[in-house]
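Visitor: Here is a sequence with its predicted model. Questions after.
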Amino acid sequence: MLNGNFFRGLGYLGEGFGLILQPGLRLFVIIPVLINILLFSLLFFYLGELFSGLIATAMGWLPDWAWLQALDWLFWLLYGAIIVLVLAYGFVMVANLIGAPFYGYLAERCEQHLTGQPIGDDEDWAGIVKDIPRSLWRELQKIAYYLPRALGLLILGLIPVVNLVAVVLWFVFNSWMMALQYVDYPADNHKISFPVLKKMLAERRLSALGFGLPVALAAMVPILNLFVVPAAVCGATALWVREQGSARY
């Protein structure tokens, strides 16, 4: 049974963009955005060459059937969509790994802004530095969850005809993964383990997918994906504040 509200979930990213403009949160948005700009600039050139190579390899696997060759433009689009989804989350994954300590603190300040209640001790920059090992460990857990599933879907996506279904599965999986990725920050601030978080979000799956879908789409848009990460952290925190109390765990 699917619980939650998909359409309510869709609104959390927009709320997150509004929250990152709040004076008390801006500083913890600017620093990760600067990190993302540097990272994106380095990856952009490299991934352009990688994209071309992957497309050429995938197209070379097509059997020499006339009807498949006539649809080569469609397979270009499908392979391109799958690879863009992989690279989009790959960029976000690396950006999150680097900026994780800032995002945890941003989620903490955002929740305090929404509820008016302090979350933990106010340690500012000392707290960010102290939390670096724990934040990196959380990110590695998410990467370990993501990679084998992404690999399986990538293999499916490179099989002609089957990739018609694989593209849809990619969007659903990436939407779920984006929700896990960002709701993990407020959950971590409340000492909720990653396995427990997965169960919690599964009980609000429609809300999680509704939130994750626009995040996944925005992550594929150059320039916008530089700003979507802090907005997603704040949007996920709003989801946590509004919906975690109604889930059973």
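Guide: Cool, the structure landed.
Visitor: rest of the way, CA atoms for contacts and neighbours
Guide: Noted.
Visitor: Can you list the low-confidence ranges for this structure?
Guide: Scanning the chain for pLDDT under 70 picks out the ranges 1-2, 40, 43-92, 120-131, 157-158, 160-163, 245-249.
Visitor: switch the cut-off to 50
Guide: The chain contains residues with pLDDT under 50 at 246-249.
Visitor: which residue ranges form the helices in it?
Guide: Per DSSP state H, the chain carries helices over the ranges 6-19, 27-60, 66-70, 72-115, 124-130, 132-157, 163-189, 194-202, 205-218, 224-243.
Visitor: Could you export these as TSV, including mean neighbour count?
Guide: TSV is the format used below for the helices of the chain (neighbours: other C-alpha atoms under 10 Å):
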stretch	mean neighbour count
helix 6-19	20
helix 27-60	14
helix 66-70	11
helix 72-115	20
helix 124-130	12
helix 132-157	16
helix 163-189	22
helix 194-202	16
helix 205-218	25
helix 224-243	24
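Visitor: hang on, residue 170 packs against residue 151?
Guide: No. Using C-alpha atoms under 8 Å, residue 170 is not in contact with residue 151, being 10.9 Å away.
Visitor: which residue packs closest to residue 227, ignoring adjacent ones?
Guide: residue 33 (6.3 Å; C-alpha to C-alpha, 6 or more residues apart in numbering).
Visitor: for that neighbour, what are its contacts?
Guide: 226-227, 230 (C-alpha atoms under 8 Å, 6 or more residues apart in numbering).
Visitor: Check residue 111 too.
Guide: Contacts of residue 111 (C-alpha under 8 Å, 6+ apart): 117, 119, 186, 237-238, 241.
Visitor: ok, now how distant is it from residue 185?
Guide: From residue 111 across to residue 185, the span is 11 Å (C-alpha to C-alpha, to the nearest Å).
Visitor: shared neighbours of the two, anything?
Guide: residue 237.
Visitor: about what we covered before: could you check how far the residue nearest to residue 227 is from residue 229?
Guide: Taking C-alpha to C-alpha, one finds residue 33 at 8 Å from residue 229.
Visitor: was I right about residue 240 contacting residue 188?
Guide: No. Between residue 240 and residue 188 there is no contact, the gap being 11.3 Å when judged by C-alpha under 8 Å.
Visitor: picking that back up, what touches both of residue 170 and residue 151?
Guide: Joint contacts of residue 170 and residue 151 (C-alpha under 8 Å, 6+ apart) do not exist.
Visitor: Just the residues contacting stretch 179-189, thanks.
Guide: Against stretch 179-189 from outside (C-alpha under 8 Å, 6+ apart): 103-104, 107-108, 111, 119-120, 142, 193-194, 197-198, 201, 208-209, 211-212, 232-233, 236-237, 239-240.
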